[in-house]
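build me a structure from this.
(2 chains)
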Protein chains: 2
Amino acid sequence: MFSFTVRGSDGAARLGELQTPHGVVQTPAFMPVGTQGAVKAMRHREVEDAGAEIILGNTYHLMLRPGDELIARRGGLHQFIGWRRPILTDSGGFQVYSLAARRTMTDEGADFQSHLDGTRYLLTPERATDIQARLGSDIAMVLDECIGFPAAREDVAIAMQRSARWAERCRRRLLDIRGGATADMTVTNAGQAQFGIVQGGMFQDLRDESAAATVAVGFEGYAIGGLSVGEPADQMYAVAGDTARRLPADRPRYLMGVGTPEDLVECVARGIDMFDCVLPTRNARNGQLFTSQGRINIKNAQYAEDDGPLDPQCGCYTCRHHSRAYLRHLYHAGEMSAGALNTLHNLTFYLDTMRRIRDAIAFRTFENFRQDFLRSVSRQHLDS
Amino acid sequence: MFSFTVRGSDGAARLGELQTPHGVVQTPAFMPVGTQGAVKAMRHREVEDAGAEIILGNTYHLMLRPGDELIARRGGLHQFIGWRRPILTDSGGFQVYSLAARRTMTDEGADFQSHLDGTRYLLTPERATDIQARLGSDIAMVLDECIGFPAAREDVAIAMQRSARWAERCRRRLLDIRGGATADMTVTNAGQAQFGIVQGGMFQDLRDESAAATVAVGFEGYAIGGLSVGEPADQMYAVAGDTARRLPADRPRYLMGVGTPEDLVECVARGIDMFDCVLPTRNARNGQLFTSQGRINIKNAQYAEDDGPLDPQCGCYTCRHHSRAYLRHLYHAGEMSAGALNTLHNLTFYLDTMRRIRDAIAFRTFENFRQDFLRSVSRQHLDS
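Down below sits the predicted model:
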């Protein structure tokens, strides 16, 4: 029920198609983040209208509230939230890593305290796999151990090797589930795929070792984790590109938690097929907007009497109906509509960018597109 | 450019049509409240889809932020906020009354301090008229002095008589504006109508005196103010009904700040044509939902695993796509989507109720409708 087809390429950039139990996703794809089962401030139909074919849900948040067993009783995450298209769930590893003082990592798994009520949980590779099987996402992720930047080589190596062992355990558990060895557990998506995650920080030899170990386990797709954690953009591009080359050409490659519009274009150029990031949604709620002419901070006084649209080249609802002056007013007045109209625009900008990327690969004009895009988007940060 | 036509009636209930510079409004009508130029949590298109033909804007909030002069420079409130249909603005009188300790009333006007930054303002009848002329609403309201409940007869009489003097000053000012005596002022809607407001608390003889004085000034429509301030529902219905009878049959009658779904039906039965209230929008954000079977508090544990729609008889986006279990989850997770999906439903319920009221008057079955409606809506408060 899950498959990936590369339909074309231009340099290292690939045009592809993911088949999932809930429909097709054109790649390169950007996945809006719907942490708690909703893309913040959006109706599902608005997310679809913006061009999203797949969204991401966070296992950590959903296991705590409303709970994976409750969601399984509702028929799975799709049914529970009323989203009919594909969903990818992360494993909870990154959120647990973010808890810092509230977690302890051992070979067994991650012992952590809920940020909601302090309840202790042990998230093992097996449990992360079970939870995602209950959620019934179309793509599940293995549990991995994340590490910050900068980090000592030895620490990175230890975390990477543990992640590799956990990847094996996650895969074994999923194969058990598929084989019916867990008949007492409610599995809500029999066609769920599972992606491995390559770690190794900024050390390319550790990345190579991690890629080899992860590929040896064998997954439907491969992610690159542990990037966009504070390193310079050039270093991120280099590691992403060098790591992508170590991954099988017939499997999708997912760069986790990345990034700016420029990052998307640069990493597609290096062979990445899938992205997720909170940047378009979170920045929108803070009044930071991405446009074809650079970034805008709608809070600024210069927009108080600006009757023009956010982005004259954008066809989204916000740009078709509202002025910068109105959006600035809504922001300063503390209206929920501010976050919503801004999110609608930023998501449209991101998803339009992905569409343009796919078109450029299809027409084999990606390098021209990339140069034009970087020039226009970076030309001016309108406010600075 | 403004007119009102009564197209039918059933008992005291009237079916009518308001013509305004921005289009037609079918009455009886409910006006969603868009205090700061946006119905909270909604896109304009969602407000339209729910069936709203007119919204309300608050003069007090808009004069403070972003300011009526800025809005006039944008071409008026319609242009500024991107809403093409009719708008009614209140005069600011009720909000100033709500400021309590921060305001002083004199015959000249209301002296108050902004809740935003403490700046002092003097809101006179003339200034309230000017501000609304700059905003360019389709229906402007006169400045009145509100009074709480219960209140001594003498206090009510003094405030009512002051309101009558202010009504005259507001009308004189609007006629000056229409006559071109204020050429230095930007007027953004030449066809703006103005409604007088009847006060007089719960004393019907004072209400009668107020109605006579206000009608003597002569307005395009008449509002009943100072109700729904804490009095029992039966008393409110009685005063609204007795006052409505004192108003000209060929002018629209607007009951300000009312009310529950039951209030709408009961007051249409007593000759009211227009309503506004924050109840559907504010309650939605607090998880309180109006349905065809009574009220629901979506926070309650009983909905945690309820896969049914909020209201099986409702065709709104929320009821078509989402379960009570999901809406409860969004509320407890603090997602903005909770307030938005709930508001969409409550507004649809209110506007559907108005449509059903109009149909019942047209078919002269209003009394049957009223009894059925009150029985089903009040039958059970589902949570209690």
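
every contact and neighbour count from this point should use C-alpha atoms.
Noted.

look up the pLDDT of the spatially most central residue of chain A for me, please.
Centroid-nearest residue in chain A, with CA atoms, centre = their mean: residue A:276, separated by 2.1 Å. If you check residue A:276, the pLDDT there is 98.

residue A:54 is in contact with that one, correct?
No. Applying CA atoms under 8 Å as the test, residue A:276 and residue A:54 come out as separate, 10.0 Å apart.

got the contact list for the residue nearest to the centre of chain A?
Listed by CA atoms under 8 Å, 6 or more residues apart in numbering or on different chains, the contact partners of residue A:276 are A:30, A:31, A:32, A:33, A:56, A:255, A:256, A:257, A:258, A:259.

can you pick the most crowded of those?
Counting neighbours by other CA atoms under 10 Å in any protein chain shown, residue A:30 comes out on top of the contacts of residue A:276 with 30 neighbours.

okay, that residue: pLDDT?
98.

pairing partners for it in the sheet, please.
residue A:275 (DSSP bridges).

related to what we said a few turns ago, distance of the residue nearest to the centre of chain A from chain B?
Look at residue A:276 and chain B: by CA to the nearest CA, to the nearest Å, they are 20 Å apart.

now the strands for the stretch 201-350 of chain A?
Per DSSP state E, counting those that start in this stretch, the stretch 201-350 of chain A has strands spanning A:221-224, A:253-255, A:274-276, A:288-291, A:294-297. These are given in chain order.

same check on the stretch 51-200 of chain A?
A:55-57, A:87-89, A:103-105, A:110-113, A:120-123, A:139-141, A:193-198.

pLDDT of the strand or helix carrying residue A:14, averaged?
Assigned by DSSP states H and E, residue A:14 belongs to strand A:13-20. Taken as a whole, strand A:13-20 carries a mean pLDDT of 98.

quick one: contacts of the following helix or strand past that strand?
As assigned by DSSP H and E, the chain's next helix or strand after strand A:13-20 is strand A:23-27. With CA under 8 Å, 6+ apart as the test, strand A:23-27 has contacts from A:14-19, A:53-54, A:85-86, A:273-274, A:358.

ok, and the most crowded of these?
Going by other CA under 10 Å, residue A:273 tops the contacts of strand A:23-27 with 28 neighbours.

rewinding a little: could you dump the strands of the stretch 51-200 of chain A to a markdown table with distance to residue A:79?
Below are the strands of the stretch 51-200 of chain A laid out as a markdown table (distance: least, CA to CA, whole Å):
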| stretch | distance to residue A:79 |
| --- | --- |
| strand A:55-57 | 13 |
| strand A:87-89 | 11 |
| strand A:103-105 | 32 |
| strand A:110-113 | 29 |
| strand A:120-123 | 25 |
| strand A:139-141 | 16 |
| strand A:193-198 | 18 |
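
what sits against the residue of the stretch 151-300 of chain A found nearest chain B?
Nearest residue of the stretch 151-300 of chain A to chain B (CA to the nearest CA) works out as residue A:285 at 10.8 Å. Applying CA under 8 Å, 6+ apart, we find residue A:285 in contact with A:338, A:339, A:340, A:342, A:343.

what pLDDT does it get?
98.

so how far is residue A:343 from it?
7 Å (CA to CA, to the nearest Å).

hmm, back to that, ok, and which of the contacts of residue A:285 reach chain B?
Near chain B, judged by CA under 8 Å from any CA of the partner chain, the entries from those are residue A:340.

and the contacts of residue A:285, which is closest to chain B?
Nearest to chain B among the contacts of residue A:285, with distances taken as CA to the nearest CA, is residue A:340, at 7.9 Å.

if we can go back for a sec, out of the strands of the stretch 201-350 of chain A, which is the most enclosed?
Comparing those by mean neighbour count (mean count of other CA atoms under 10 Å in any protein chain shown), strand A:253-255 comes out on top with a mean of 27.

which helices and strands sit right next to it?
With contacts taken as 3 or more CA pairs under 8 Å, 6 or more residues apart in numbering or on different chains; DSSP states H and E, strand A:253-255 sits against strand A:221-224, strand A:274-276.

got the residues of chain A near chain B?
Counting by CA under 8 Å from any CA, chain A sits next to chain B at A:36, A:38, A:40-43, A:65-66, A:70, A:74, A:80-82, A:305, A:307, A:321-323, A:325-326, A:329-330, A:333, A:335-337, A:340-341.

quick one: which of those residues sit in helices?
The helices, defined by DSSP state H, take in A:70, A:80, A:81, A:321, A:325, A:326, A:329, A:330, A:336, A:337, A:340, A:341 from the residues of chain A next to chain B.

okay, the contacts of residue A:285 in JSON lines with neighbour count and pLDDT next?
Below are these laid out as JSON lines (neighbours: other CA atoms under 10 Å in any protein chain shown; pLDDT from 0 to 100):
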{"residue": "A:338", "neighbour count": "28", "pLDDT": "98"}
{"residue": "A:339", "neighbour count": "25", "pLDDT": "97"}
{"residue": "A:340", "neighbour count": "25", "pLDDT": "98"}
{"residue": "A:342", "neighbour count": "29", "pLDDT": "98"}
{"residue": "A:343", "neighbour count": "29", "pLDDT": "98"}
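
now, which of the contacts of residue A:285 sits nearest residue B:166?
Set against residue B:166, the nearest of those by CA to CA is residue A:338 (36.6 Å).

the closest one reaches residue A:327, doesn't it?
Yes. Using CA under 8 Å, residue A:338 is in contact with residue A:327, at 6.2 Å.

how is chain A partitioned into domains?
With domains defined by automatic domain parsing, chain A comprises A:3-277, A:284-379.

with residue B:265 as the reference, name the closest of those.
Using CA to CA, the domains of chain A put domain A:284-379 closest to residue B:265, at 30.5 Å.

what about the helices in the stretch 151-300 of chain A?
A:153-178, A:204-217, A:233-244, A:261-268, A:279-285 (DSSP state H, counting those that start in this stretch).

spatially nearest residue to the residue of chain A most remote from its centre, not counting backbone neighbours?
In chain A, counting by CA atoms, centre = their mean, residue A:305 sits farthest out from the average C-alpha position, at 36.3 Å. Once flanking residues are discounted, residue A:305 sits nearest to residue A:325: 5.2 Å by CA to CA, 6 or more residues apart in numbering or on different chains.

list the contacts of the one you found.
A:303, A:304, A:305, A:306, A:307, A:308, B:80.

which of those residues tops the neighbour count?
residue B:80 (24 neighbours).

measure that residue to chain A for me?
6 Å.

just checking, that residue touches residue A:327?
No. The criterion here is CA under 8 Å, and residue B:80 misses it with residue A:327 at 9.8 Å.

about what we covered before: right, and the helices and strands packed on strand A:253-255 - which one's nearest residue A:107?
strand A:221-224 (21.2 Å).

show me what that closest one is packed up against.
strand A:193-198, strand A:253-255.

pull up the pairing partners for that strand, direction included.
Assessed with DSSP bridges, strand A:221-224 is paired to strand A:193-198 (parallel), strand A:253-255 (parallel).

got the contact list for the last one?
Okay, so that is strand A:253-255. Applying CA under 8 Å, 6+ apart, the set of residues contacting strand A:253-255 is A:221-225, A:240, A:244, A:247, A:271-276.

quick check: mean pLDDT of it?
98.

what's the offset of that strand from the middle of its chain?
9 Å (CA atoms, centre = their mean, to the nearest Å).

and if you look at stretch A:43-62?
11 Å.

next, count neighbours for residue A:150.
Residue A:150: 12 neighbours (other CA under 10 Å).

and if you look at the one 3 residues further on?
Here the neighbour count serves as a burial measure; for residue A:153 (other CA under 10 Å) it reads 13.

contacting residues for it?
So residue A:153 contacts residue A:203 (CA under 8 Å, 6+ apart).

who touches residue A:47 in this structure?
A:39, A:344, A:347.

is it true that the last one touches residue A:279?
So that's residue A:347. No. Assessed by CA under 8 Å, residue A:347 is found out of contact with residue A:279, at 9.5 Å.
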